[in-house]
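>>> Got a sequence here, can you model it:
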Amino acid sequence: MSKIISYKGMIASTGTERLRLKTNNGKVGYKITKFEIMPNNSNNNFETTVKIYSTKQNQGDVFVDFSDSTLLAAAFSGLISGGYAGSQTIIHDNVIFNQDIYVTAEDASGSQATNYYIELEAISLNDVEATMVTLQNLRTISS
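Residues are numbered from 1 along each chain as shown. As a prediction, the model looks like this:
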């Protein structure tokens, strides 16, 4: 089974949202295939960082640390003083997870909300794979 599931929404600056993915038996794994962001109001200055984590976060921030094993994806988009600052999205697409994920956002130049769009590929896991992914998630949470 390979099925695409999509999530979309708007997240406030410094906000966090939980995307519920848990299943009763854990035999469905997910990986991020697409991650896009767009500001709520492109007339304003914005420097938005949106990240996806495998563990709960207290609030969004602008710091991106790829050595953080709980970080699954990060995106940045910015428009400063009428000039386009650029945009970048990085997805750690080799990571398979079967637990809830968390989206965070922060607008460094204000308090603007940001739209997000995420596509996940759902993958059937056998008993051994489901156990391995669950144990990896538990190790990540405990460290």
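
>>> Now do the contacts for residue 6.
Listed by CB atoms under 8 Å, 6 or more residues apart in numbering, the contact partners of residue 6 are 117-120. (Glycine included, C-beta is placed from N, CA and C.)

>>> how close does it sit to residue 51?
The gap separating residue 6 from residue 51 is 18 Å, by CB to CB, to the nearest Å.

>>> Residue 135 too?
Taking CB to CB, one finds residue 135 at 24 Å from residue 51.

>>> of these two, who's got more company?
Legend: neighbour count by other CB atoms under 10 Å for residue 135 and residue 51, higher for residue 51 (27 against 10).

>>> Got the phi and psi for residue 134?
phi -60, psi -40 (degrees, to the nearest 10).

>>> Let me know the secondary structure of the closest residue in space to it that isn't next to it in sequence.
In space, and not counting its chain neighbours, residue 134 is closest to residue 26: 5.3 Å by CB to CB, 6 or more residues apart in numbering. Under DSSP: H, G, I helix; E, B strand; the rest coil, residue 26 falls in the coil class.

>>> For residue 26, which residues are in contact?
Residues near residue 26 by CB under 8 Å, 6+ apart: 98, 125, 130-131, 133-134.

>>> Let me know the helix or strand that the most centrally placed residue in the chain is in.
The chain has residue 52 as the residue nearest its centroid, 2.0 Å off, counting by CA atoms, centre = their mean. Assigned by DSSP states H and E, residue 52 belongs to strand 46-53.
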